[in-house]
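>>> can't give you the sequence, but here's the structure:
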């Protein structure tokens, strides 16, 4: 029994040593694997550290460059600010010159614009006032002469004098080329001729003439250019034209009123035309005098002249005032005009 007890420990020791040996080899193998893993981890860690250090170095370098640029700019600004007194004086002098030049240019521009505006205003005022050959004195003189004529023709309605005054004031005060046209209707030729001549002379004097131009059927031969050119200087001199008995002029001449009385492009600018028409006494109180005049002209000339030509003339003849003249008892046929 003792032998068994002696041998068993040896066996136990041997088995234990074998186990220790085996464990030692496994341990070595494990430690080797662990060391390899550590080396791999260390290498990866070193590479990441290298990358981070490289990026941090590049950022640091860029910051250094930016700081260097800022410091350089600050140094330049300090140099400019803290330059020498001579340089500072020259800089202030240059800036002052620029300010003076800018101010002078600005005031010159303002002055030029102001002068231009004043010239436009003065030019317009000069054209309206001095280029107008008529004045307030002409209107005053005309009104005084009209008051004198009223006494010679007491039977006339007050409205006709107002119409004459309004037409003449339009010629005197306005600067347009438009002529003034009056159509006078009556059944008494003597009253009609006398009144138209008296009014024509008064208006002519107000417009700078001496007396009106009186034209009858014999003076209107045609509406040709030669006829109009013959009339132009006479109308420019007299300012006022009295056309007696328009219904008796030649049908070839009726078209001339298209050019004489045109609103936009008349033969003579700002002329005055007094056109007389003798009609039946029964028509004197017609409600529409314009329509009455148109009917008489169309009935007289429509068969001898083209409608378009006649219509153009009629529209211009009736563009102004149409006045009904009442016969004066003291102006019977053959009596002299007062």
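Cool, got the structure. This structure is a prediction, so every number in the text was calculated from the model and none was measured.
>>> ok, then the element right after the helix or strand hosting residue 165?
In this structure, residue 165 is located in helix 158-173 according to DSSP states H and E. Sequence order places strand 180-186 as the next helix or strand after helix 158-173, per DSSP H and E.
>>> name every strand pairing with that next one and say which way it goes.
Counting by DSSP bridges, the strands paired with strand 180-186 are strand 272-278 (parallel), strand 321-324 (parallel).
>>> identify all contacting residues around it.
Taking Cβ atoms under 8 Å, 6 or more residues apart in numbering as the criterion, the residues outside strand 180-186 that touch it are 163-164, 167-168, 170-171, 192, 195-196, 261, 270-279, 284, 289, 292-293, 316-327. (Glycine included, C-beta is placed from N, CA and C.)
>>> the helix or strand just after that strand - contacts with which helices or strands?
Helices and strands here follow DSSP H and E; after strand 180-186, the next one along the chain is helix 189-206. In this structure, helix 189-206 packs against helix 136-152, helix 158-173, strand 180-186, strand 240-243, strand 272-278, with contacts taken as 3 or more Cβ pairs under 8 Å, 6 or more residues apart in numbering; DSSP states H and E.
>>> how close does residue 108 get to residue 120?
In this structure, residue 108 and residue 120 are 19 Å apart, going by Cβ to Cβ, to the nearest Å.
>>> what do you get for residue 149?
When residue 149 is compared with residue 120 (using Cβ to Cβ), they lie 42 Å apart.
>>> from the neighbour counts alone, determine which of the two ranks first.
Neighbours were counted for residue 149 and for residue 120 using other Cβ atoms under 10 Å; residue 149 has more, 17 against 10.
>>> tally up the residues packed near the residue lying closest to that one once chain neighbours are set aside, please.
Taking Cβ to Cβ, 6 or more residues apart in numbering, and ignoring the residues beside it in sequence, residue 149 has residue 198 as its nearest neighbour in space, at 5.4 Å. For residue 198, the neighbour count with other Cβ under 10 Å is 19.
>>> same deal with residue 166?
Neighbouring residues of residue 166 were enumerated by other Cβ under 10 Å; the total is 11.
>>> before we move on, what about residue 330?
12.
>>> ok, residue 263 next?
Residue 263 is flanked by 13 other residues according to other Cβ under 10 Å.
>>> residue 177 too?
14.
>>> surely it is in contact with residue 267?
No. Counting by Cβ atoms under 8 Å, residue 177 stays clear of residue 267, with 10.3 Å between them.
>>> still on that earlier bit, packed most tightly, which of the strands paired with strand 180-186 would that be?
Sort the strands paired with strand 180-186 by mean neighbour count, taking mean count of other Cβ atoms under 10 Å, and strand 272-278 sits at the top with a mean of 24.
>>> give me the contacts around the helix or strand just after it.
Sequence-wise, the next helix or strand downstream of strand 272-278 (DSSP H and E) is helix 289-301. Counting by Cβ under 8 Å, 6+ apart, helix 289-301 makes contact with 183, 185, 246-247, 251, 254, 277, 279, 283, 286, 310, 313-314, 317-318, 322-324, all of which sit outside it.
>>> just the angle between helix 289-301 and strand 180-186, please?
Using axes from the mean of the first three to the mean of the last three Cα atoms, to 10 degrees, the interaxial angle of helix 289-301 with respect to strand 180-186 works out to 80 degrees.
>>> no further queries at this time; thank you.
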